[in-house]
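> next input, structure requested:
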Amino acid sequence: MEIKLEQTILRNLLTNDAYTRKVAAFLAPEYFEGVYKGLFSEFTKFIAKYNKLPTQESFKIEIDEADRMSDEHYRHAMEILPNIFNYEKENLEWLIDRTEKWCQDRAVYNAIMESIQVIDGKHQTLTKNALPDILSKALAVTFDTNIGHDYIENVDDRYDFYTTTEERLPFDLDLFNQITKGGLPNKTLNIALAGTGVGKSLFMCHCAGAALTMGKNVLYITMEMAEEKIAERIDANLLNVNIQDIGELPKQTFEKKVTNLAQKTQGTLIIKEYPTASAHSGHFTALLNELALKKSFRPDIIFIDYLNICASSRYRGGSNVNSYTVIKSIAEELRGLACEANVPIVSATQTTRSGYGSSDVELTDTSESFGLPATADLMFALISTEELESLGQILVKQLKNRYNDGNVYKRFVIGIDRAKMRLYDCEQTAQDDLLDNKKEEEYSYDDKPKKSFDGFKF
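Below you'll find the predicted structure:
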């Protein structure tokens, strides 16, 4: 049956122009066996050279002159060529679907055979660390027939895209909603940059609690603190209790507060702890599958605390790989996870030593890898100074923003209550001293730079 399908595929490749243009780019020689592999290779060379389908005679001449087939394969090819060039009209949609499934089956089979070689130590270049990549590439085989956006012909699709409101998960902080045009879109990676003790985990715990109260399903993955410590911070936030006083609450009072909270939301919050630097995107994907199977839980947003202490699925810990490559790889894998799960992911990273005490953090203050800002969709710094701390505020500075103009509210402050692990909106007067918190900076014309080049030496 498989050989029959291979013949059908080759017949249509050689005789059906519409089919060939749709599927030829997705076919690979390793999907074919025996004489069919040789015929497919000759077909690809002919198409690349002449950009037209061959006739039976011209194809036979090319095979004869190339003389690349063994005697056995050549005799077999000459026997089946008349049948292959005997055009039979097929249902194009059915044929493309069957070809796609055949390619997927062949890719998985080849991946399994290659994996066996790797496991047996017979592969010349790959080690066992490459097995997940081999299988994931095979499972990702699909026909993407979309060849691009035609600017003229696809005007209706483009207008629909412009006028359709993108689904976003909102913040409970007004200025964060303004800079993101209403919240975080799905399939995005969003990063908070801050020094040790400034409030990375506090920010994520607050946002996780806020999403829960909005009726969203929240998954919080921690590799820095225990599950109970994260839950304690969210308890302080949602139950309106100082974190130091939670342990002193009577059990009945504590349970009553949690019950009252549960009655106000339809959402669920799952907190999962992994040892530091032991889990990567593959573990997180397995967790999502397990939660869906055992608890029918699918998150609306994922928090990962925090990115730098994740592992990479592509690079083994302790291997001779620099930190730039590893952190960039982790960021790319987490963004891929966000796309696969169709959710926004929020995580954090540390500042460098020089950025820790700075009151004006820049992208260059990102620790370990500048590849992280290159991958993130939204990146902002959380900055704390003694003056801000005395006012109960924390400064937010946009560093990268794919959702909106990053110069609109480039800097702004939000209130922070560390005792209750809570953030809140400040009054507008708190923003007035920040010159770049609006679309245009406020300055006098006397402060404009002079256009004269007097004194400049050429």
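> wait, isn't residue 111 in contact with residue 138?
Yes. Shown here, residue 111 and residue 138 form a contact pair, counting by Cβ atoms under 8 Å, at 3.6 Å. In this view, the C-beta of every residue, glycine as well, is placed from N, C-alpha and C.
> I'd like the distance between the most centrally placed residue in the chain and residue 134.
Centroid check for the chain by Cα atoms, centre = their mean gives residue 335 as the closest residue, at 1.9 Å. Counting by Cβ to Cβ, to the nearest Å, the gap from residue 335 to residue 134 is 22 Å.
> which residues touch the residue nearest to the centre of the chain?
For residue 335, the contacting residues are 188, 189, 345, 375, 376, 377, by Cβ atoms under 8 Å, 6 or more residues apart in numbering.
> could I get those as a markdown table with secondary structure and pLDDT?
As requested, the contacts of residue 335 are exported to a markdown table (DSSP: H, G, I helix; E, B strand; the rest coil; pLDDT from 0 to 100):
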| residue | secondary structure | pLDDT |
| --- | --- | --- |
| 188 | strand | 96 |
| 189 | strand | 95 |
| 345 | strand | 96 |
| 375 | helix | 91 |
| 376 | coil | 93 |
| 377 | coil | 95 |
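> neighbour-wise, which one of those leads?
Highest neighbour count within the contacts of residue 335: residue 345, with 29 neighbours (other Cβ atoms under 10 Å).
> beta partners for it?
Following DSSP bridges, residue 345 is listed with bridge partners residue 189, residue 302.
> so how far is residue 378 from it?
Using Cβ to Cβ, residue 345 is found at 11 Å from residue 378.
> now do the shared contacts for these two.
188, 190.
> show me how far the longest helix along the chain is from its chain's centre.
As assigned by DSSP state H, the longest helix anywhere in the chain is helix 92-119. Between the centre of helix 92-119 and the centre of its host chain there is 25 Å, according to Cα atoms, centre = their mean, to the nearest Å.
> so for it, mean pLDDT?
Averaged over helix 92-119, pLDDT sits at 90.
> buried residues, the helix or strand following it. List them.
Proceeding N to C from helix 92-119, the next assigned helix or strand is helix 131-139, under DSSP states H and E. Neighbour counts over helix 131-139 (16 or more other Cβ atoms under 10 Å) mark 134, 135, 138 as buried.
> going by distance to residue 324, which of those residues wins?
The shortest approach to residue 324 among these belongs to residue 134, at 25.4 Å (Cβ to Cβ).
> which elements pack onto the helix or strand harbouring residue 57?
In this structure, residue 57 is located in helix 56-66 according to DSSP H and E. The contact analysis (3 or more Cβ pairs under 8 Å, 6 or more residues apart in numbering; DSSP states H and E) places helix 56-66 against helix 34-50, helix 71-84.
> CA atoms of that helix as PDB?
Extracted in PDB, the C-alpha atoms of helix 56-66 (Å, rounded to 0.1, in the frame of the first residue of the first chain):
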ATOM      1  CA  GLN A  56       8.500  10.800 -20.200                       C
ATOM      2  CA  GLU A  57      11.100  11.000 -23.000                       C
ATOM      3  CA  SER A  58      13.000  13.900 -21.600                       C
ATOM      4  CA  PHE A  59      13.000  12.400 -18.100                       C
ATOM      5  CA  LYS A  60      14.300   9.100 -19.300                       C
ATOM      6  CA  ILE A  61      17.100  10.900 -21.300                       C
ATOM      7  CA  GLU A  62      18.100  12.800 -18.100                       C
ATOM      8  CA  ILE A  63      18.200   9.500 -16.100                       C
ATOM      9  CA  ASP A  64      20.300   7.800 -18.800                       C
ATOM     10  CA  GLU A  65      22.800  10.600 -19.100                       C
ATOM     11  CA  ALA A  66      23.200  11.100 -15.300                       C
END
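> how far out from the middle of the chain is it?
Using Cα atoms, centre = their mean, the offset of helix 56-66 from its chain centre is 47 Å.
> may I see the buried residues of it?
Neighbour-count burial for helix 56-66, with 16+ other Cβ under 10 Å as criterion, is recorded at 59, 60, 62, 63.
> so what's the third one up against?
Residues near residue 62 by Cβ under 8 Å, 6+ apart: 42, 45, 46, 54.
> drop anything exposed from those residues.
Among those, the ones that count as buried by 16+ other Cβ under 10 Å are 42, 46, 54.
> could you check how far the residue nearest to the centre of the chain is from residue 238?
The gap separating residue 335 from residue 238 is 29 Å, by Cβ to Cβ.
> quick one, domains of this structure?
What automatic domain parsing lists as the domains of the chain is 2-139, 168-440.
> picking that back up, which SS state does the residue nearest to the centre of the chain fall under?
For residue 335, the assignment made with DSSP: H, G, I helix; E, B strand; the rest coil gives helix.
> ok, of the buried ones among the contacts of residue 62, which one's closest to residue 148?
Nearest to residue 148 among the buried ones among the contacts of residue 62 is residue 46, at 25.8 Å by Cβ to Cβ.
> which of the helices and strands in the protein ranks last by mean pLDDT?
Here the helix or strand of the chain ranked lowest by mean pLDDT, DSSP states H and E is helix 353-356, holding a mean of 67.
> so where is the stretch 301-450 of the chain shaky, pLDDT-wise?
Within the stretch 301-450 of the chain, the segments meeting pLDDT under 70 span 317-319, 354-357, 433, 435-450.
> recalculate using a threshold of 50.
Within the stretch 301-450 of the chain, the segments meeting pLDDT under 50 span 439-450.
> all helices for it, in order.
Using DSSP state H, counting those that start in this stretch, the helices assigned to the stretch 301-450 of the chain run over residues 323-341, 353-356, 371-375, 386-391.
> any chance of the contacts of residue 62 in CSV, with pLDDT and distance to residue 415 too?
Output for these, formatted as CSV (pLDDT from 0 to 100; distance: Cβ to Cβ, whole Å):
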residue, pLDDT, distance to residue 415
42, 92, 72
45, 92, 68
46, 91, 70
54, 92, 73
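> quick one: end-to-end length of stretch 388-398, please.
Distance between the two ends of stretch 388-398: 18 Å, counting by Cα to Cα, to the nearest Å.
> buried sites along stretch 228-246?
Applying 16+ other Cβ under 10 Å to stretch 228-246 flags 230-239, 241, 243, 246 as buried.
> same check on stretch 35-47?
Within stretch 35-47, the residues that qualify as buried are 35, 36, 37, 38, 39, 40, 42, 43, 46, 47, counting by 16+ other Cβ under 10 Å.
> swap in stretch 180-197?
Going by 16+ other Cβ under 10 Å, stretch 180-197 has these buried residues: 180, 182-195.
> least confident of those residues?
Lowest confidence among the buried residues of stretch 180-197: residue 195, with 87.
> what separates it from residue 262, distance-wise?
36 Å.
> how about residue 287?
For residue 287, the distance to residue 262 - Cβ to Cβ - is 23 Å.
> and the two? Which one has more around it.
Between residue 287 and residue 262, residue 287 has the larger neighbour count (other Cβ under 10 Å), namely 18 against 12.
> tilt between the helix or strand hosting that one and helix 323-341?
Taking DSSP H and E as the definition, residue 287 sits inside helix 281-295. For helix 281-295 against helix 323-341, the angle by axes from the mean of the first three to the mean of the last three Cα atoms, to 10 degrees is 30 degrees.
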